[in-house]
Structures are given as structure tokens and as C-alpha cells.
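A.B. asks: quick one, what's the 3D model for this:
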Amino acid sequence: MYDNLHLTNMLRSEVEHIPETELPLDVFPDKIQEIILNLARYENFNVEYTASIILSAVATAIGNSCHIRIKGEWKTCPSLYMMLVGRPGLGKTPPLGFIYKPINEYDDRLHEKYNEECDEYERAMSVGKHGNEVEGQLLKKPNFVTTVIYDSTPEAMMNIHQYNQRGITLVVDEILALFNSVKRYNSKNNLIEDLLTAYSGQPLKVIRKSESRPILIKNPCINVIGSVQTNMLQEVFRTEFLANGLLDRFLFVYPKNRKISGWRREERNTVRPDIMNQWRTIINRVFSIPCILDEKGMTVNPRILTMSDDAEECFYEWYNGIIDAVNAIEDDADVESRKMKLNGHVARLALLFQIMKWATDDDDMQYIEQDSVRSAIRMIDYYEETYRRIQEAIVINSIGETKESWLSLLGETFTSGDAVVAGRKVDMSRRTVYYALDQLCRLQHPLIAKLQHGVYRKLVAENTDAPCTFALSFGKDAMLSSRSAKVQSATTENSGNHE
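C.D. replies: Here you go, the predicted structure:
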């Protein structure tokens, strides 16, 4: 039987047209669904951003306190790399500030404790006057501990992480600032390599002349969340970030409905729920899970959650489906490396859903249950669909205006290898070429047809004077999102259709 809250959430989701977004809101515990819906109602927050930021915040609060066993000795913390994509004004930053507020309050308490310890240390040092020993006890200088970092050099980030073994989170309003920091500091900046290493759960070793001693973080747990405007996506999807696999580790949130919601006035006597206190109670309970360290305080001993038998069967069956699809591909160039990272994404999300259910009194933490695994799979399906839409937007933007010469370099019949060679001449990456081939075949009025594996033929678009004009065939919605597509040879009829 469904309780009243569950039924209320279902009805509210229908009224707010949540199913149209394709976000599986029902995978969240009822109390968290209520928070998401209330934030949409009273704060005008975008539901898709809010739900995803909640996942990031819960991953931050869990940190190294709990890991999930994926298979055998392969265990992982729940860290997530997340990118919020959208046009200006769509509301990426406000929900980020709201959802992370209790975590910032947690950091404020850590800061107060640090200041008190510093005051005590300075008083003790002034009394001792000789060295750093008072009454036979060796004084230890306090270390600054914090969780959320908004702007920091990579060196400072590692220094902070070594003193907060639970984990840290990089919150950046514009994700490009994080990526561009690689060039901002020095040519030997290892930020990207460190993020790749941390995501894989491998130890981080920082050896620099500027440091008095090497930094070793045996169990890194770094979360990343930031936003990017749609028109800057091509800067994010640069060749180096595609080649090193960094973007394969990101979950992208790109709302299907990109209309900015109008504000709704409330009656003055309307009783608003205390949303912040409800959310604070949940996230503080997650923070209450102890992060156990060794005697030296430098190595974590996390609680390991294992999947139940039916959960593991569900997880394996899902991933084996991906393996079978990849094994069926003959050409290695056609294999998307991103698909092979999905098992790690699903495992982390399954851990988050299980702990969210525990934090809202819906379940325990004995095992990762099947329902949590199914919820994680549905969320990954949602994120992969948003990723597909992003790739489509990038292809449209890159081809629509600046890459029209690409097809002109190809014969009437050509291979994918020919397309890659032609792509190099117009600065299209290999991955962009493959996405372009796929998308150009899928259009309502396709520009090319796939004859067989790796072999394509150009098609002449109807009612056009120039068969190689790309923008005419992308459809009205694509043209509106692309704005940059300029077509000089369209007939009067087509020009009217695509304005």
C-alpha cells in the first residue's frame, strides 16, 4: 500500500509535468521527492537540476565513510563528477546554493573548531616560549579542515584533502574555470590527471619542491559539480578532455524543457513548509555516519556495503547487456569508451540511493538492495539521454556554420575512415565525426544514408539548391537551439520553415 505522501508526490509530479522531463523522480525516497517538488513550487527551482544536485550533496556527505563493493575486490567511494548545462537564466546556481547550505554550515562548524584550536595552540606556545613542548607534551599545530572548495589552486586542494580524509568537493559556478585552471597556474599543472586518478580510486601522490614533504592520499574522494552555458559546450568538449576520458566520468544534466519558468505569487497567509530544515535533517544524518581512520588519521577504513543477491543479479544482467552490445561491434573505433564507465556510475548511484533511504527511514544499510540498483540504472538512463542531446547540440553547432566544407570533401559514397580523414582537415575530432555520421543519418530528412557497416552515401535534401547545406535538414527545434546556422542557398519556402 502507498502512504499518503507517496500518493501526493505522484499527483504533484503529474500536475507539474515531471514525467515530460523524463527525470525518474520516483526513484528518490518520498521525503526527498517532497523536498524537490516543494523547491520547484516555492523557489521556482528546476526539478532536474535540484534532483541531481541532491545526489551530489549526498555523495559529498557520505564521502569515505561508506564504499560499495562492485565486484570482487573492486570497491569505490560514491564520488560524482557532475555538470549542469543550460542557457543563462535557467537557474543552475540557486539550487546549488540551497542544497549545499547545510554542508557549508557543517564546514562553518569545522572552521570554528579550527579557530578555537589555533587560539589554544598560540596561547600554549606563548606560555612555553621554548620550542613547541609544553609540560612535557609535544604541541601539534592545528590543521584546517573543510569539505567544500569554491576556488583553490590544485596544490591547496590536495593540502585540504589530506586533512579531510572523508573527502572534498569542488563547487565551481563555471566548470570552464576549473578546466582552464590547468593553464592558469603553470604548464606542469596535474589537476586533470589528479581528477582522473581520484575517480579511479587510486592513491594520490603529490611530490613538489614547494612542499616540505610529499602528500599521500591513499583513499581520495573528490566530488566535482559545476555549470556551463550551452553555447560554451564546444569549449568543454575539447579534444584533450575527450581523449583522456575525463568527460566520460561526468554526469551531464541538460533539461529537456529549457523554458524558464515564470514566477508565481503566493497568498500572504500561505503556510510554507520548512524545506531547509527538512533537508538539513536528512543531510546531517548522512554526515553522522562515522568516517573511521587508522591511529595516524591518514588511512580510512570505510564501511563496505555489498549488493544483495537479487541486486547483484540485476546489476550483472544490466551490465552484461552493455558488454554484449560492445562485443558485437567489429570496428574498435565505433566503441564508445563512455559506455564502459557506466558500471561505476550505476554502482555509486546505487550506494547513494540506499543511504538516502536509510537517512529518510525507508530502509537500512545492511546491503545495497535491488530497488537501489534499479533506481541507479534508471537515473543513468536519464543522464545518458541528456548526454545524447548534448552531443546532438554540439554536432549541430559545429556542423551548421563552420563545418559545411566537411561533406564537400567526401565523395558521393564514402567510408567512416574517409570521413575521419576529411574531419581532420576541418578540425573535427574523431568522436565528433562519428556523432555527426550518426546524427545526419537520423534526421527527419537525412543528409546521408548508411549502406552497410562503415559505408555511407550522400542524399540530396528535397527543396534545396545546395545538397551539401547542412542547416536545412536539422529541423525547426535544432535550428532554434543552434542560432549559428547560416544558410545562403535555401529556397523561399525552406527559409520560412526554418526561421
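
A.B. asks: can I take it that residue 318 is in a helix?
C.D. replies: Yes. When DSSP: H, G, I helix; E, B strand; the rest coil is applied, residue 318 is found to be in a helix.

A.B. asks: contact partners for it?
C.D. replies: Neighbouring residues of residue 318 by CB atoms under 8 Å, 6 or more residues apart in numbering: 346, 373, 377. For the C-beta atoms, the positions are set from N, CA and C on the backbone; glycine is no exception.

A.B. asks: show me where the stretch 201-350 of the chain has its strands.
C.D. replies: For the stretch 201-350 of the chain, the strands defined by DSSP state E, counting those that start in this stretch cover 204-206, 215-217, 222-229, 250-253, 303-305.

A.B. asks: residue 405 is nearest to which of those strands?
C.D. replies: strand 222-229 (27.1 Å; CB to CB).

A.B. asks: let me see the mean pLDDT of the closest one.
C.D. replies: The average pLDDT for strand 222-229 rounds to 94.

A.B. asks: so what does it touch, helix or strand wise?
C.D. replies: helix 47-62, strand 81-86, helix 93-99, strand 168-174, helix 175-185, helix 191-199 (3 or more CB pairs under 8 Å, 6 or more residues apart in numbering; DSSP states H and E).

A.B. asks: model confidence over the third one, on average?
C.D. replies: Meaning helix 93-99. Here the average pLDDT along helix 93-99 is 94.

A.B. asks: the second one too?
C.D. replies: Across strand 81-86, pLDDT averages out at 94.

A.B. asks: figure out how far that strand is from the centre of its chain.
C.D. replies: Remark: strand 81-86 is offset 5 Å from the chain centroid, using CA atoms, centre = their mean, to the nearest Å.

A.B. asks: could I get the strands of the stretch 201-350 of the chain as JSON lines with mean neighbour count and distance to residue 436?
C.D. replies: As requested, the strands of the stretch 201-350 of the chain are exported to JSON lines (neighbours: other CB atoms under 10 Å; distance: least, CB to CB, whole Å):
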{"stretch": "strand 204-206", "mean neighbour count": "17", "distance to residue 436": "37"}
{"stretch": "strand 215-217", "mean neighbour count": "18", "distance to residue 436": "40"}
{"stretch": "strand 222-229", "mean neighbour count": "23", "distance to residue 436": "21"}
{"stretch": "strand 250-253", "mean neighbour count": "24", "distance to residue 436": "19"}
{"stretch": "strand 303-305", "mean neighbour count": "15", "distance to residue 436": "42"}
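
A.B. asks: these: which one's closest to residue 391?
C.D. replies: Taking CB to CB, strand 250-253 is the member of those nearest to residue 391, at 9.6 Å.

A.B. asks: which residues does that closest one contact?
C.D. replies: 48-49, 52, 80-85, 224, 345, 383, 386-387, 390.

A.B. asks: residue 352 versus the residue nearest to the spatial centre of the chain, what's the distance?
C.D. replies: When CA atoms, centre = their mean is applied to the chain, the residue found nearest the centroid is residue 82 (1.7 Å). Taking CB to CB, to the nearest Å as the measure, residue 82 falls 12 Å from residue 352.

A.B. asks: now do the shared contacts for the two.
C.D. replies: residue 55.

A.B. asks: could you list the low-pLDDT ranges of the protein?
C.D. replies: In the predicted model, the chain carries pLDDT under 70 at residues 1-2, 128-138, 181-189, 208-212, 239, 267-268, 297, 396-404, 460-499.

A.B. asks: what's the burial count for residue 4?
C.D. replies: 8 (other CB atoms under 10 Å).

A.B. asks: before we move on, back to that, can I get the strands of the stretch 201-350 of the chain in JSON lines including distance to residue 367?
C.D. replies: Converted to JSON lines, those look like this (distance: least, CB to CB, whole Å):
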{"stretch": "strand 204-206", "distance to residue 367": "30"}
{"stretch": "strand 215-217", "distance to residue 367": "29"}
{"stretch": "strand 222-229", "distance to residue 367": "24"}
{"stretch": "strand 250-253", "distance to residue 367": "24"}
{"stretch": "strand 303-305", "distance to residue 367": "7"}
